[in-house]
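Enquirer: return atomic coordinates for the entry below.
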Amino acid sequence: MNPVLVQVLRGSTVESFHRGALAIVDADGAVHTALGDIDRPIFPRSAVKALQALPLVASGAADRFGLDDEGLALACASHSGERAHTATAAAVLAKTGLDESALECGTHWPYNEASSRALARSRRGPGPLHNNCSGKHAGFVCVGCLMAQDMGRDPAEFVRGYVRPEHPVMREISAALQSATGCDLAQAPVGTDGCSIPTFGVPLRQLAQGFARLASGQGLSPGHAAAAKRLRQAVARAPFMVAGSGRFDTKVMQHFGERVFCKVGAEGVYCAALPTRGLGVAIKVDDGNTARAAEVVMASVIEALAQRDDADAALLRDLVRVPLRNWNGIEVGRIVPAEGLKALV
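Expert: Model (predicted):
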């Protein structure tokens with residue numbers, strides 16, 4: 001059974017808790033920290049978007065279509081569907097000569113409440129650009145359009161069906177994930193992600209190693225190493241694109257810049273690259289609690305491994321020990337890291 005990583009306190013009493021596993025690994029696979037079962041395959045879902053974006057840069061597609069920092073950061077994003085996000089995704093697609101009809105990620109309302117309400121007031125429903133994965137998928141379309149141009153094919157026709165496992169675009173994306181993590185995806189559990197692309201079961205140990213390679217470039221091909229550095233720099237310059245207003249990833253990367261790249265997944269998964277330490281981090285909360293439990297674990301890791309000064313401490317204070325308030329605004333408890341997590345990280 002995995003250990004308790006996070007406790008929910010009401011007053012000073014533990015009201016509930018969250019079990020999970022944590023791996024912190026370097027690019028060679030040496031384990032810095034292991035809590036729980038780090039060898040059980042888990043679906044990383046959106047946490048690996050930066051690894052899936054490596055071909056966008058390494059293939060030359062980002063240069064061919066003139067993607068800026070905002071476009072590259074959005075390719076790594078689970079964005080909130082705010083105006084800047086949808087406009088950037090549309091601009092990336094326009095550079096290829098296509099529009100949102102090329103996206104195969106599906107449609108949902110913006111995560112950002114104000115944006116969702118504004119859209120409803122306009123009496124318009126959401127479109128594919130509002131999907132949190134639209135930036136990632138726009139990047140896939142760029143890769144496909146480059147392939148089509150190089151083969152003398154019609155881009156709109158060639159990219160159709162790019163979400164299917166056998167499509168040349170998706171084969172390239174999956175190969176990048178396999179190369180970074182060292183996980184044989186042909187032998188891995190496989191499912192379908194919320195945005196319709198394949199998602200593979202990868203152990204936390206190998207996910208963390210993949211993010212250590214993203215952090216350092218070590219263990220990646222020269223093209224992917226250069227792509228990893230460029231993506232990290234783009235995200236550090238445009239962190240709003242990776243999440244949005246009030247979101248954990250944006251707040252952390254706005255403050256830490258290139259010192260931390262962190263990315264939420266689904267169902268209690270979080271991953272991070274810590275370039276100054278050459279380490280990668282992979283977290284899975286057993287009950288799938290991302291919004292509070294996994295964020296507390298990630299904040300605790302960042303506090304232990306990336307904090308340097310009082311400004312860092314001030315940012316992390318309420319991310320590591322999250323206050324709980326009732327409807328009158330009275331603090332009634334906190335979400336805190338368990339003792340085992342604090343001791344071993």
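
Enquirer: now the strands: where do they sit in this structure?
Expert: Here the chain has its strands, by DSSP state E, at 4-10, 13-26, 31-35, 41-42, 190-192, 198-200, 202-203, 261-264, 269-274, 279-285, 322-325, 331-337.

Enquirer: most tightly surrounded among the ones you listed?
Expert: Ranked by mean neighbour count, the strands of the chain are led by strand 279-285 with a mean of 30 (mean count of other Cβ atoms under 10 Å). Glycine gets a C-beta too; all of them are placed from N, C-alpha and C.

Enquirer: now Val202: how far from Cys142?
Expert: Distance, Val202 to Cys142, using Cβ to Cβ, to the nearest Å: 25 Å.

Enquirer: now for this protein, the helix or strand with the poorest mean pLDDT.
Expert: Ranked by mean pLDDT, DSSP states H and E, the helix or strand of the chain with the weakest confidence is helix 339-344, at a mean of 73.

Enquirer: before we move on, the earlier item: using CSV, please lay out the strands of the chain together with distance to Arg83 and mean pLDDT.
Expert: Below are the strands of the chain laid out as CSV (distance: least, Cβ to Cβ, whole Å; pLDDT from 0 to 100):
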stretch, distance to Arg83, mean pLDDT
strand 4-10, 34, 97
strand 13-26, 34, 97
strand 31-35, 40, 96
strand 41-42, 34, 98
strand 190-192, 30, 98
strand 198-200, 29, 98
strand 202-203, 34, 98
strand 261-264, 21, 98
strand 269-274, 27, 98
strand 279-285, 31, 98
strand 322-325, 28, 96
strand 331-337, 31, 96
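
Enquirer: turn those strands into CSV, including distance to Cys105.
Expert: Conversion of those to CSV gives the following (distance: least, Cβ to Cβ, whole Å):
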stretch, distance to Cys105
strand 4-10, 31
strand 13-26, 28
strand 31-35, 33
strand 41-42, 22
strand 190-192, 12
strand 198-200, 13
strand 202-203, 21
strand 261-264, 17
strand 269-274, 19
strand 279-285, 24
strand 322-325, 31
strand 331-337, 31
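
Enquirer: and His108, how many neighbours does it have?
Expert: Residues lying near His108 (other Cβ atoms under 10 Å) number 17.
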